[in-house]
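K.L.:
Take a look and give me a structure for this.
(4 chains)
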Protein chains: 2
Amino acid sequence: MKKYIETLKTVSLFKDIKEPDLQPLLACLSPKFAQYGKNDIVFMSGDSINSFGIVLSGQIQIVMEDFYGNRSILALTGKGNLFGESFAFAQNEFLPVSVIAAADSELLFIDCRRLVSPCSNSCVYHRQLIENMLNILALKNVSLTQKIELVSKKTIREKLLAYLSAEAQKAGKSSFYIPFDRQGLADYLSVDRSAMSAVLSTLRSEGIINYRKNKFELLKQRKNLP
Amino acid sequence: MKKYIETLKTVSLFKDIKEPDLQPLLACLSPKFAQYGKNDIVFMSGDSINSFGIVLSGQIQIVMEDFYGNRSILALTGKGNLFGESFAFAQNEFLPVSVIAAADSELLFIDCRRLVSPCSNSCVYHRQLIENMLNILALKNVSLTQKIELVSKKTIREKLLAYLSAEAQKAGKSSFYIPFDRQGLADYLSVDRSAMSAVLSTLRSEGIINYRKNKFELLKQRKNLP
DNA sequence: ATAAATCTGTTGTAAATACAACGAAATAAA
DNA sequence: TTTATTTCGTTGTATTTACAACAGATTTAT
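P.N.:
You can find the predicted model right below:
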C-alpha cells in the first residue's frame, strides 16, 4: 500500500490526517485492494453496496442504463477520487447506475461499517474520518441543491439569471468571474449552447447584464429589503 | 424536554434509539431550545452555521432570495423534521437561503461538533447517531441525484420517460404506481401540468406507455443486454 | 343523492427552445 | 507570422413548451 501513499494523501476523506497516521489508520479500516481491466464491471446496477471506492490509478465511469437499455455516461472519476459513497451510506438503496473501469484501474474499497465503528486503538483518526465523510456528503448535497434550483427553472433566461445571481452573491460583488466557458455553462444548465448565447446577447442588449469572456456583471439595482 | 419525547422519537436522526436511551443522549448533546414567533428569522442568508435544527412544533420555511431581492419559498418543514443539516456539516459554506418561522414554532438546535465528538458515557448512542446522520445525508444525496437526472432532460417527453423508467426499475416490473398526482408530478419534473398531460396522451397513443390514474405501465420491450 | 370542489385531458396561441449551419473572433500551434 | 483549432455569437426553421381557458371525470363534502 506504501506506493499509493502520495495518492491517498490527496483524498478528501483523509484530509487533516497526517502522513504518519495514515498507515495505521488504513490498517484499521482494512480496505480491500483490487485491480480491474478496462470495461470490467466494478458495481452493477441493482446492487446494494456496503463499500465505497477510492481510485488509486486509472479511471472509472458511472454509467446509467434506463428501462429500455439506453446507456449514458454520467461521470468520469479519476485518481484520488471517491465513488459510491452516497449509496454505500444510504442503506437499502439499490444502485441505479453501474460503475465500470474506463481503463485498467487500481481501486481501494472501504466498508462503511468499518468507518463508523470505532476501533480501540485509533479513535482519534476515526473521528476525523467521520467528520470528513460527513463533510463530503454535506458538500455534495449543497452543490446538488444549488444545481437543482437552476435546472428547475423553465427558461434559459431564468436559469442564467438564477446562476449569475447566485455567483454574484457568492462573490459579494455585482462583478465576478465564472468557472465555465460557454459550452461548460450550457452543459451545467442543461441547455443548448447557441440558444444560451443568444439569450446572453439579449440580456446584454436589455442592459441587464454585461460580460466579456468569463467576467460577468449584473447591472440592475438590488431591490431594497423591507 | 420530556413533553417532546413523542415527537423526538419520530425524528430520523434518532432512528433505532430506544426511548429510555433518548433522555441521556439528549443531555449529552446539550441541544438548545428556542421559541420563534411567526415570521421570525431563524437563520439568515449569508450566515455560516454550526448547528442544525429540529422542528418540535410549528413550521418553518426555507426561503431563497436572489440578487435582485426576489423571494421564493423552497420548502416547508414541519414537526419532527430536520433542517440545515447539510449546511451545518458543510463547513465554511455560507447559507444561500434563509430559514423563517412560518408559524409560532418551537425548535431544537444541535451543534454538529457535539454530534461527532464522542463523549465518555454514551459512545454507543453516538455511534448510532453518526450512522443515522450519514444515512440522512446520503439518502438526500441519492434523491437529489436522481432528480437532477430528470430535470436535466430537455423535453417533457424525455423527463417523463426517464422518470417512469426509473420507477419501473425501482419496482422491478413494467407496471407500477407513482406517488404523485398530475400536478405533483409536473412540479417534480418542473414542467407545466397541462403540457405534461398532453405529452402523456401522446405517449399513450404511440403505444409507448399505458396509464390510468396513478398506475403506469411501460409497454415497449427492453433492449437485450449484450 | 346532490352539490361543490378538485383533478385531468384537450385545444389554440404566443413564446421559447433545440438544432443546424455559418462566419467571426480568439487562442493555440507550427 | 501564419496556420490550424477552438470558442463564440448570429440567424432561420421546425419543434416543443407555457399559458390560458374550458369541459368532462372523479372525488369529497353536504
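
K.L.:
Now do the same for residue A:113: helix, strand or coil?
P.N.:
Per DSSP: H, G, I helix; E, B strand; the rest coil, the local secondary structure of residue A:113 is helix.

K.L.:
State the distance from it to DNA strand C.
P.N.:
Distance, residue A:113 to DNA strand C, using CB to the nearest atom of the strand, to the nearest Å: 42 Å. From N, CA and C alone the C-beta is placed, and that goes for glycine too.

K.L.:
My read is that residue A:177 contacts residue A:214, right?
P.N.:
Yes - using CB atoms under 8 Å, residue A:177 is in contact with residue A:214, at 5.0 Å.

K.L.:
ok, now how distant is residue A:53 from residue B:162?
P.N.:
Noted for residue A:53: a distance of 26 Å to residue B:162, by CB to CB, to the nearest Å.

K.L.:
what pairs with residue A:63 across the strands?
P.N.:
residue A:73, residue A:98 (DSSP bridges).

K.L.:
for it, what are its contacts?
P.N.:
By CB atoms under 8 Å, 6 or more residues apart in numbering or on different chains, residue A:63 lies in contact with A:71-74, A:97-100.

K.L.:
Just flag the most distant two among those residues.
P.N.:
Pairwise distances across the contacts of residue A:63 peak at 14.0 Å for A:72 and A:99 (criterion: CB to CB).

K.L.:
Neighbour count for these two, which is higher?
P.N.:
Comparing residue A:72 with residue A:99 by neighbour count (other CB atoms under 10 Å in any protein chain shown), the higher total belongs to residue A:99, at 26 against 11.

K.L.:
list the contacts for the more buried one?
P.N.:
Residues counted as contacts of residue A:99 (CB under 8 Å, 6+ apart) are A:41-43, A:53, A:60-63, A:83-84.

K.L.:
So which elements touch the longest helix belonging to chain A?
P.N.:
In chain A, with assignment by DSSP state H, the single longest helix is helix A:123-151. The contact analysis (3 or more CB pairs under 8 Å, 6 or more residues apart in numbering or on different chains; DSSP states H and E) places helix A:123-151 against helix A:19-29, helix A:85-89, helix A:112-116, helix A:156-171, helix A:182-189, helix B:85-89, helix B:112-116, helix B:123-151.

K.L.:
Now tabulate these in CSV and tack on mean neighbour count and distance to residue B:190.
P.N.:
Output for the helices and strands packed on helix A:123-151, formatted as CSV (neighbours: other CB atoms under 10 Å in any protein chain shown; distance: least, CB to CB, whole Å):
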stretch, mean neighbour count, distance to residue B:190
helix A:19-29, 15, 41
helix A:85-89, 26, 22
helix A:112-116, 18, 33
helix A:156-171, 19, 11
helix A:182-189, 16, 13
helix B:85-89, 26, 21
helix B:112-116, 18, 31
helix B:123-151, 20, 5
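
K.L.:
mind putting these in TSV, mean pLDDT and distance to residue B:218 included?
P.N.:
Below are those laid out as TSV (pLDDT from 0 to 100; distance: least, CB to CB, whole Å):
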stretch	mean pLDDT	distance to residue B:218
helix A:19-29	88	42
helix A:85-89	97	24
helix A:112-116	91	33
helix A:156-171	94	30
helix A:182-189	94	28
helix B:85-89	97	34
helix B:112-116	91	43
helix B:123-151	92	16
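
K.L.:
Just send those helices back as a markdown table, with distance to DNA strand D too.
P.N.:
Formatted as a markdown table, the helices and strands packed on helix A:123-151 follow (distance: least, CB to the nearest atom of the strand, whole Å):
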| stretch | distance to DNA strand D |
| --- | --- |
| helix A:19-29 | 37 |
| helix A:85-89 | 29 |
| helix A:112-116 | 38 |
| helix A:156-171 | 9 |
| helix A:182-189 | 3 |
| helix B:85-89 | 28 |
| helix B:112-116 | 38 |
| helix B:123-151 | 10 |
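
K.L.:
quick one: the helix or strand harbouring residue A:217 to chain centroid distance?
P.N.:
Taking DSSP states H and E as the definition, one finds residue A:217 inside strand A:215-218. Its chain's C-alpha centre and that of strand A:215-218 lie 26 Å apart, by CA atoms, centre = their mean, to the nearest Å.

K.L.:
hmm, who's touching that strand?
P.N.:
Around strand A:215-218, the neighbours that count as contacts under CB under 8 Å, 6+ apart are A:164-165, A:167-168, A:174-178, A:208-211, B:67.
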